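Next input, structure requested:
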Amino acid sequence: MHKNKPIYYDDLDKIYLKIWNLLSNGLANRDSPLHIPVFISGDQNKFDGRIVVLRGIDQKEKKIWFHSDIRSNKIIVLKSNSQASLLFYDKNEKIQLRICVSSKINYDNDITKKSWKSTAHMSRQCYLGNVAPGSYTSEPTSGLTPNVDNSKYTIEESESGYKNFCVIEAYIKSIEWLYLASKGHRRAYFNLNNNQLEKKWLVP
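Model prediction:
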């Protein structure tokens, strides 16, 4: 637990700035715990969470985005219910972020073309499988051919993975902040749905 109170401890405006600073660091720093949040989506019968890799943030447009395989089950779920949430936790900062979002699936458009172009050779491996992620199999497998599994493919050969690639934009509706401190926890709520930012304290 932190013994000294940080400058944002009793200041909603500074907390909001801290949130975006944490997200910016999570995007830039692969070792940051905020680099790999949990993305939670579902329908009326089932909700499910999985780790995703933070690929972009935009404070002005209030959105976060990450990559996915268009064949994955979460795409089917998001098409029926675009509402989802992202869960971040930084152990060193003692800060948890629960972010409610409205999701948009981008497939074979200018956004995916730009993101695919900047996707590294090794990262493209995820989209080179012949069967959909989550498919049942009779034996252990990576889902990749031996050459792809051993990274024996060129950047030109990796282009075939683009047909399976998509970008999920998560437009932020609200953020719930929790800071754990020995001198007293702090919890706050930010509503980003309207043009004006709504800020409220919550009981931890």
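
Report whether Y89 is found in a strand, as I expect.
Yes: according to DSSP: H, G, I helix; E, B strand; the rest coil, Y89 belongs to a strand.

In the sheet, which residues pair with it? Tell me.
Q96 (DSSP bridges).

Just give me the neighbour total for it.
16 (other C-beta atoms under 10 Å). Using the backbone N, CA and C atoms, a C-beta is placed for each residue, glycine as well.

Equivalent analysis for S102, please.
S102: 15 surrounding residues under other C-beta under 10 Å.

which stretch of helix or strand covers it?
According to DSSP states H and E, S102 maps onto strand 95-106.

Please point out which parts of that strand sit buried.
For strand 95-106, burial by neighbour count (16 or more other C-beta atoms under 10 Å) applies to 95-101, 103, 105-106.

before we move on, what about stretch 105-113?
So for stretch 105-113, counting by 16+ other C-beta under 10 Å, buried means 105-106, 111-112.

Repeat that for stretch 142-154.
Buried, per 16+ other C-beta under 10 Å, within stretch 142-154: 143-144, 148, 153.

Which pair in these has the greatest spatial separation?
Farthest apart among the buried residues of stretch 142-154 by C-beta to C-beta are G143 and Y153. That separation is 14.5 Å.

Can you give me the end-to-end span of stretch 196-204?
End-to-end distance for stretch 196-204, by C-alpha to C-alpha, to the nearest Å: 24 Å.

now that stretch: how far from the chain's centre is it?
Taking C-alpha atoms, centre = their mean, to the nearest Å, one finds stretch 196-204 lying 23 Å from the centre of the chain it belongs to.

Low-confidence stretches in this structure?
Along the chain, segments meeting pLDDT under 70 span 1-3.

90 instead?
1-5, 43-46, 131, 133-134, 137-139, 141-153, 182-183, 193-196 (pLDDT under 90).

Rebuild the buried residues of stretch 105-113 as JSON lines, extending it with distance to E139.
JSON lines is the format used below for these (distance: C-beta to C-beta, whole Å):
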{"residue": "I105", "distance to E139": "32"}
{"residue": "N106", "distance to E139": "34"}
{"residue": "I111", "distance to E139": "37"}
{"residue": "T112", "distance to E139": "32"}
